[in-house]
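Participant: Make a model of this:
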Amino acid sequence: MLELRHLRTLVALRDAGSLVEAAERVHLTQSALSHQIKDLEERLGSPLFLRKSKPVEFTRAGTRLLTLAEQILPLVRMAERDLARLAGNEQGRLHMAIECHSCFQWLMPTIDHFRDHWPEVEIDIPGGHHFDPLPALAREQLDLVITADPQPLPGIHYEPLFRYEGLLAVARQHPLAGRPFVTPEELAEETLITYPVEHARLDVFTQFLDPAGVRPKEVRTAELTIMMMQLVASGRGVCALPNWALTEYLERDYVKAVALGEKGVWSTLFAAIREETRGAPWMEDFLRTARETSFAVLEGIRPA
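Facilitator: Just a heads-up that it's a prediction; the model follows:
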């Protein structure tokens, strides 16, 4: 009567808080997910959650199945890892580079969790390299690259992790603070603070300013997010960052955030890997852990 997919669906529904987002997380249409849940409820003879409740409110039957899911799913995951080891597929190397200055918030918990379950895999984040990460991945100098800027390279696969919105951070007293969104033209007289990377790799240029033919009055760079926030808070410029990177500063009312355009600017973060390692059990587990950790610790992201 019960299948693992049912338990995973209920966990996704609890974590996402709505049928729409839960369907995205389990890669089903909303209609297919609703049908799956309704079929299970009919077989159990009991509703699992209250319709039209937001966030989702589970019934006693639904809560009982969630408890079961929390017990069973980690055991299944552990068994899958053990089976991979028995098959001799546990050895590997995971040297990675991160083309994302604000990714450590979710990447470090991912690595810690992964290391606990795959101690045989050599993990490293080489520092001080003076080469482009993606070509280095193709040359086998690296094994994984976190990037939002995929390039077509032979033998390289881009695994989508999640989607995120870029937001404009402004000082609390800035004229744009409190606005629902900003237009490209309104940044023409602003100092834009960015990370020290090429403009062609920054969404605020490629998806927002460049299509409108707009250039900010001045561009200055800062290495660290906290340095950017200090500059923004003191009224010395504005900056565009992923929504999750701004969460702690918005909660402290340190800065204000404004959407980039009426529809917003959304991008996808990828894990770039070589095709030859795509099916390795430890690589599959790392990618799965990365997604799960991201949705556990970041706010405002969506399934890719």
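
Participant: Give me the buried positions along the lengthiest helix in the chain.
Facilitator: The single longest helix within the chain, with elements called by DSSP state H, is helix 60-86. Neighbour-count burial for helix 60-86 flags A61, G62, L65, L66, A69, R81, A84 (criterion: 16 or more other CB atoms under 10 Å). Bear in mind the C-beta positions are built from the backbone N, C-alpha and C, glycine included.

Participant: swap in stretch 95-102?
Facilitator: Neighbour counts using 16+ other CB under 10 Å place H95, M96, A97, E99, C100, H101, S102 of stretch 95-102 among the buried residues.

Participant: Please identify which of these is nearest to V255.
Facilitator: S102 (14.5 Å; CB to CB).

Participant: nearest residue to the most centrally placed residue in the chain other than its sequence neighbours?
Facilitator: A centroid search over the chain (CA atoms, centre = their mean) returns F162, at 3.9 Å, as the residue closest to the centre. When the adjacent residues along the chain are set aside, F162 lies closest to I301, with 4.5 Å between them (CB to CB, 6 or more residues apart in numbering).

Participant: Please apply the same query to V11.
Facilitator: A69 is the one closest to V11 (CB to CB, 6+ apart), at 5.1 Å.

Participant: Same check on L44?
Facilitator: Using CB to CB, 6+ apart, the nearest residue to L44 is A61, at 6.4 Å.

Participant: Quick check: the gap between that neighbour and R172.
Facilitator: As for A61, its distance to R172 is 47 Å (criterion: CB to CB, to the nearest Å).

Participant: likewise T63?
Facilitator: The spacing between T63 and R172, counted by CB to CB, is 42 Å.

Participant: Count the residues that sit near H199.
Facilitator: Number of residues near H199 (other CB atoms under 10 Å) recorded here: 14.
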